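Have a look; sequence and predicted model below, questions after that.
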Amino acid sequence: HKLTIGGLVRAGVHKVCPFVKLRLQVLLFIALIALSAIPVLILDAWVQRSAMEKEIASVSEKHLLIAQNLSTALSRYVIDVKAGFKVAAGHEGSHANAGDVESMLRTLGFRYAYIVDNSSRVNGSLFPSQSFVDAPTFDAELITTLRSLAEAAEGEVAISDLLRVEDQPLFLAVTQIDSE
């Protein structure tokens with residue numbers, strides 16, 4: 001008995017790549033999916049960047065509005081402080097309405113309102129409830145700085161930069177008053 005063995009080899013097909021066994025339809029499908037994913041990914045990145053830029057612009061606009069409102073409120077507060085302090089300094093020595101003056105200054109945030117004489121000593125308070133004996137110690141350099149500030153303001157109220165007095169951060173309002 002004779003045995004015949006035949007092998008069949010398709011022309012041009014060799015074991016080179018595992019994708020060769022895939023059908024052409026599957027390869028085209030995968031290629032089209034890959035090609036269509038690129039514009040979708042680009043569009044997604046563009047939409048996300050655009051949304052982020054709009055959100056940043058919105059937040060920046062809101063912060064600007066808050067800053068403007070805060071600036072307006074602080075400007076108004078400074079005007080009120082100066083006007084209130086000027087009224088209080090004008091009532092120096094007068095006991096009429098002294099409680100109302102103290103109440104107004106305390107509402108504006110004043111902790112104290114002392115009168116300093118020419119020899120740089122505290123010798124009075126605009127607050128009837130506060131003894132000037134308990135006044136904080138103002139060093140000579142600070143008094144000199146405040147006198148210069150008051151002189152430069154020419155009779156108006158001036159407000160110092162942020163200072164430390166007895167380890168307390170304070171803005172100090174100063175004005176010159178006529179001594180009689």
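Arrived safely. Residues are numbered from 1 along each chain as shown.

now the strands: where do they sit in the protein?
Using DSSP state E, the strands found in the chain span residues 114-116, 122-125, 158-159, 163-165, 168-170, 173-174.

For S50, find the nearest of these.
In terms of Cβ to Cβ, the element of the strands of the chain nearest to S50 is strand 168-170, at 45.0 Å. Yep, even glycine has a C-beta here, placed from its N, CA and C like the rest.

Relative to the whole chain's centre, how far out is the closest one?
20 Å (Cα atoms, centre = their mean, to the nearest Å).

by contact count, what packs against it?
For strand 168-170, the helices and strands in contact under the criterion 3 or more Cβ pairs under 8 Å, 6 or more residues apart in numbering; DSSP states H and E are strand 163-165.

Quick one: residues in contact with the strand it packs on.
Judged by Cβ atoms under 8 Å, 6 or more residues apart in numbering, the contacts made with strand 163-165 from elsewhere in the structure are P136, F138, L142, P169, L170, F171, L172.

Strand partners (parallel or antiparallel) of it?
Looking at strand 163-165 with DSSP bridges, its paired strands and their directions are strand 168-170 (antiparallel).

Pick out the residue closest to the middle of this structure.
When the chain is reduced to its mean C-alpha position, the nearest residue by Cα atoms, centre = their mean turns out to be A67, at 7.6 Å.

who's in contact with it?
Contact criterion Cβ under 8 Å, 6+ apart gives no residues in contact with A67.

Now L172: phi and psi?
For L172, the backbone dihedrals (degrees, to the nearest 10) come out as phi -110, psi 130.

Tell me how many other residues crowd it.
L172: 17 surrounding residues under other Cβ atoms under 10 Å.

Could you check the pLDDT of it?
At L172, the predicted lDDT confidence score is 88.
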